[in-house]
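S.K.: Structure of the sequence below:
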Amino acid sequence: MKKLIAIVLLSVLPALGMAAGGPGVPLLAADNDLSDQESLQRGAKYFVNYCMGCHSAQYVRYEKVAEAAGLTEQEVKDNLMFTENKKIGSQMISAINPDDAARWFGTAVPDLTLTARVRHSGDWIYTYLKSFYLDDSKPSGVNNLVFPDVGMPHVLVELQGLQKANFKVETDADGNEHKVFEGFELVKAGSMTPEEYDGMTRDLTNFMVWAAEPMKLERQRLGMWVMGFLVILFILAYMLKKEYWKDIH
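M.R.: Sure thing, here's the model as predicted:
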């Protein structure tokens, strides 16, 4: 029994580590709603305009975006596809050369399709998008609270503006000093208010959560039917068992 518990704990701990933010950083609740087609439309627009300059979502096709977000083929072509040789069945692949991106940013640029699944929720993405802060020691001039030393610049800076992170120094029981995050302070306003930026990051996160598992809503719908079938099957099996054993008992 102890071995079984140990195996379960070892299988769960990596997932908990991936879902957490940086040291001592609680994740914000993204409150995703994959059934909100308008949110998916806005999120797809933000992803194409601000993320696909460098990142791809190679496991997603434009036609699936149209289906999930309630868009027509023409609406997708007019608003999400800006390369003439792409077709509605094309994958969402960035036009940037991967070798150039690796040279410019110092590391390979990851595909973002499965980010929400790797991080086990949209909360990490949502918190990440809201956690860039000024840091003169970094080449891009910014750092990120949940992804320390991130190589990506703050591509949404024109929307959010610039903020600094306030830390305080605390001493633990062993006498070691460490910094504790206290909060952000807006230094320069962006084109969006904090409330508008919050809504934008929720929409972008919603789209990325959908992209990581486009069949999630369908899976959940079918899961309810499967559970109902198993309940009925259990009742029938139990009644059959009683019928078979009634003469013995």
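
S.K.: where do the strands sit along this structure?
M.R.: 57-61, 91-92, 132-134, 142-144, 161-171, 177-189 (DSSP state E).

S.K.: ok, residues contacting the longest one?
M.R.: So that's strand 177-189. 24-25, 131, 133-134, 145, 161-172, 194 (CB atoms under 8 Å, 6 or more residues apart in numbering). (C-beta placed from N, C-alpha, C; glycine too.)

S.K.: contacting residues around residue 63?
M.R.: 73, 76, 88-89.

S.K.: same thing but at 10 Å, please
M.R.: Residue 63 is in contact with 71, 73, 76, 87-90, counting by CB atoms under 10 Å, 6 or more residues apart in numbering.

S.K.: related to what we said a few turns ago, looking at the strands of the chain, spot the one closest to residue 67.
M.R.: For the strands of the chain, proximity to residue 67 was assessed by CB to CB; strand 57-61 is nearest, at 9.6 Å.

S.K.: are any of the contacts of strand 177-189 buried, and which?
M.R.: 25, 131, 133-134, 145, 161-163, 165 (16 or more other CB atoms under 10 Å).

S.K.: Flag whichever of the contacts of residue 63 scores worst on pLDDT.
M.R.: Comparing pLDDT over the contacts of residue 63, the lowest score belongs to residue 87 (88).

S.K.: quick one: contacts for that one?
M.R.: Residue 87 neighbours (CB under 10 Å, 6+ apart): 61-63, 73, 77, 81.

S.K.: Highest neighbour count among those?
M.R.: residue 62 (22 neighbours; other CB atoms under 10 Å).

S.K.: which residues sit in contact with that one?
M.R.: 44, 48, 71, 73, 76-77, 80-81, 86-92.

S.K.: Among those, which are located in helices?
M.R.: 44, 73, 76-77 (DSSP state H).

S.K.: now, which of the residues you listed sits nearest residue 228?
M.R.: residue 44 (33.6 Å).

S.K.: Distance of residue 239 relative to residue 229?
M.R.: Relative to residue 229, residue 239 is positioned 16 Å away (CB to CB, to the nearest Å).

S.K.: Need the strands of the chain in TSV (columns: mean pLDDT and distance to residue 199).
M.R.: Shown next, in TSV, are the strands of the chain (pLDDT from 0 to 100; distance: least, CB to CB, whole Å):
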stretch	mean pLDDT	distance to residue 199
strand 57-61	94	21
strand 91-92	92	23
strand 132-134	95	17
strand 142-144	95	20
strand 161-171	90	15
strand 177-189	89	16
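
S.K.: okay if I get these as a markdown table plus distance to residue 114?
M.R.: A markdown table is the format used below for the strands of the chain (distance: least, CB to CB, whole Å):
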| stretch | distance to residue 114 |
| --- | --- |
| strand 57-61 | 7 |
| strand 91-92 | 13 |
| strand 132-134 | 22 |
| strand 142-144 | 20 |
| strand 161-171 | 28 |
| strand 177-189 | 28 |
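
S.K.: of all those, which lies closest to residue 98?
M.R.: Nearest to residue 98, of the strands of the chain and by CB to CB, is strand 57-61 at 11.3 Å.

S.K.: where does this structure have low pLDDT?
M.R.: Scanning the chain for pLDDT under 70 picks out the ranges 1-24, 84, 249.

S.K.: re earlier: looking at the ones in helices among the contacts of residue 62, which two lie furthest apart in space?
M.R.: 44 and 73 (14.0 Å).

S.K.: Taking the contacts of residue 63, please make a PyMOL selection of just the buried ones.
M.R.: A single PyMOL command suffices to select whichever of those are buried according to 16+ other CB under 10 Å:
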select buried, resi 71+76+88
